[in-house]
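1. need coordinates for the below:
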Amino acid sequence: MVQLSRAAAACSLARETNFDAVISMLREVLPQLSCPVSQFSYYNPILKPGLGKFMSIIKDAGVQASTLLSRFMVLDVPLEETDILRMESSKNNIESKSDASIVSVSKGFVYLVG
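-> Numbers count the residues shown, from 1 in each chain. Sure thing, here's the model as predicted:
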């Protein structure tokens, strides 16, 4: 999984992918898909526009619990900030996942990179 993430990051950087391009792509492809899709992000791109604005943007792009893209994972959110992230995502009907190291606060599964 780590090698796949590194390869994806290298490809993305080479193509100069940015947040706006990803949102544009989601708006275009989500209505056409018939299979589940998961999206993950690091926390910094979420904090840059602000948590509320970020959730609003991805919701407007079609990322909602009722759509195929119902899983949104934040890979490096500090455990202390998971409550506010979950609250904001819930307000926008987006189901979020985090890689919190304490299983008792995790929902669904724990994503672990060793």
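2. centre of the chain to stretch 32-44, how far?
-> From the chain centre to the centre of stretch 32-44 is a distance of 6 Å (CA atoms, centre = their mean, to the nearest Å).
3. now do the buried residues in that stretch.
-> 41, 43 (16 or more other CB atoms under 10 Å). Any C-beta I mention is one placed from the backbone N, CA and C, and that applies to glycine too.
4. low pLDDT regions in the chain?
-> 1-2, 36, 64-71, 95-114 (pLDDT under 70).
5. do that again at 80, thanks
-> 1-5, 33-40, 62-73, 75, 77-80, 82, 86, 89-90, 92-114 (pLDDT under 80).
6. what segments of it are helices?
-> 2-14, 19-29, 44-47, 51-60, 82-91 (DSSP state H).
7. got CSV for those helices, with distance to residue 35 too?
-> Formatted as CSV, the helices of the chain follow (distance: least, CB to CB, whole Å):
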stretch, distance to residue 35
helix 2-14, 18
helix 19-29, 11
helix 44-47, 25
helix 51-60, 19
helix 82-91, 22
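8. who wins for proximity to residue 37 among these?
-> For residue 37, the closest of the helices of the chain is helix 19-29, at 8.4 Å, according to CB to CB.
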